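Participant: Sharing a model that was predicted from the sequence below.
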Amino acid sequence: MTEGRLPEDRTTPRGHTTRYWHKTGDGRVQCDLCPRACRLRDGQAGLCFVRSCEGGQIVLNTYGRSSGFCVDPIEKKPLNHFLPGTPVLSFGTAGCNLACKFCQNWDMSKSREMDTLSAEAGPDQLAAAAAELGARSIAFTYNEPVIFHEYAIDVAQAASARGVRSVAVTAGYVCPEPRAEFFGAMDAANIDLKAFSERFYHKVCGGHLADVLDTLVYLRHETDVWFEITTLLIPGENDSNAELEAMSRWIVDELGSDVPLHFTAFHPDYRLLDRPATPAATLTRARSVARANGVHHVYTGNVHDSDGGSTWCHACGHLLIERDWYELGAWGLEGSCCAQCGESVPGVFEQSPGDWGARRQPVRIGPASG
């Protein structure tokens, strides 16, 4: 665990009170939010950098602050079986509790500069804005939402009161007690399963695989949260047939065949610049492996692949939801069933899809920070 010292001249106000921590008896305070269990002295921040020890307690320094807001298609999260075609108000803060060398959003998730957070909005403001913009849901994304636990939950509760749903895009690296509170406020999630080896998690991400698998099992068997899984495939790191076989078999055995699985393409970034971008053929191969092992709905992402991006009936092969990037085409569902054979399709669907398309609409909510 690596701790940081907060800048002496920072202008952020005193952090928001949190409750997942305890005093260790040696003058330090342990954060109990995630498996890192950072032990901090007054003025120190944990690896996530946004939870720090102030006045003998752990506080959150990014409550109500964001790197910006944008209305996206829900498929961009990616969620293909949750209110397809609808707009989602997306935002993130700063920091992360993993240390992935390949982070594709490193400018936000690895930021230690509070100046990154140029926008401010309280929970009620965000919920009202989502409703006014016609967003069907709010997504906590771009960086790890678990680390802004209190802010995300308050926003989710305010959104629920206005009929707006909440989505977490997360690595699932969180301790059991705060996990139950966090996902208790969510309607849907996409879990980033980085790889299926402890070696990868330890060497490349600075975490442990077992904690993420535990979150997946918890979501499947102890909640009603709709969730999908994403794995970014990195050439030579986590894309072998053996690892893909093991991952897909585990998913079917422990979670069932109906959890959608997304394989997405890596591009060299952050501290992993010596690997090539993922070939489209690798994603197609991974999709074939997972389907052969019984995963019913497997997708490819970050590449143009209409076949791999569309939803097909696993029973009869009928095209259920046609996708070209984030644009929806043919719709072959009747309610939540295949219009051709009547097979039930897992997910959260309405009688007709939304028409948001591929639009990306930046929005301003509240005053600029600073």
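Facilitator: That came through fine.

Participant: Point out where the stretch 51-200 of the chain drops to low pLDDT.
Facilitator: 104-118 (pLDDT under 70).

Participant: pretty sure Phe183 is in contact with Leu219, am I right?
Facilitator: Yes - shown here, Phe183 and Leu219 form a contact pair, counting by C-beta atoms under 8 Å, at 6.5 Å. Bear in mind the C-beta positions are built from the backbone N, C-alpha and C, glycine included.

Participant: So between these two, which is more surrounded?
Facilitator: Phe183 (25 against 22; other C-beta atoms under 10 Å).

Participant: That one belongs to a helix, doesn't it?
Facilitator: Yes - Phe183: assigned to a helix according to DSSP: H, G, I helix; E, B strand; the rest coil.

Participant: got a list of what it touches?
Facilitator: Neighbour list for Phe183: 168, 189, 218-219, 223, 225 [criterion: C-beta atoms under 8 Å, 6 or more residues apart in numbering].

Participant: Show me which of those are buried.
Facilitator: Among the contacts of Phe183, the ones that count as buried by 16 or more other C-beta atoms under 10 Å are 168, 189, 218-219, 225.

Participant: shared neighbours of Phe183 and Leu219, anything?
Facilitator: Common neighbours of Phe183 and Leu219 (C-beta under 8 Å, 6+ apart) are 189, 225.

Participant: Keep only those of the contacts of Phe183 that are in helices.
Facilitator: Using DSSP state H, the subset of the contacts of Phe183 located in helices is 218-219.

Participant: okay, the contacts of Phe183 in TSV with distance to Val212 next?
Facilitator: Putting the contacts of Phe183 into TSV (distance: C-beta to C-beta, whole Å) gives the following:
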residue	distance to Val212
Ala168	14
Ala189	12
Tyr218	11
Leu219	11
Thr223	16
Val225	15
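
Participant: if we take the contacts of Phe183, which one ends up nearest to Thr300?
Facilitator: Proximity of these to Thr300 (C-beta to C-beta) peaks at Ala189, which lies at 20.3 Å.

Participant: what bits of the stretch 251-370 of the chain have low per-residue confidence?
Facilitator: Scanning the stretch 251-370 of the chain for pLDDT under 70 picks out the ranges 270-272, 366-370.

Participant: where exactly do the strands run in it?
Facilitator: 261-265, 298-301, 311-312, 319-324, 327-331, 333-334, 337-338, 361-363 (DSSP state E, counting those that start in this stretch).

Participant: Tell me which of these lies nearest to Ala129.
Facilitator: Of all the strands of the stretch 251-370 of the chain, it is strand 361-363 that lies closest to Ala129, at 7.1 Å by C-beta to C-beta.

Participant: Arg199: which of the strands of the stretch 251-370 of the chain is closest?
Facilitator: Closest among these, using C-beta to C-beta: strand 261-265, at 19.6 Å.
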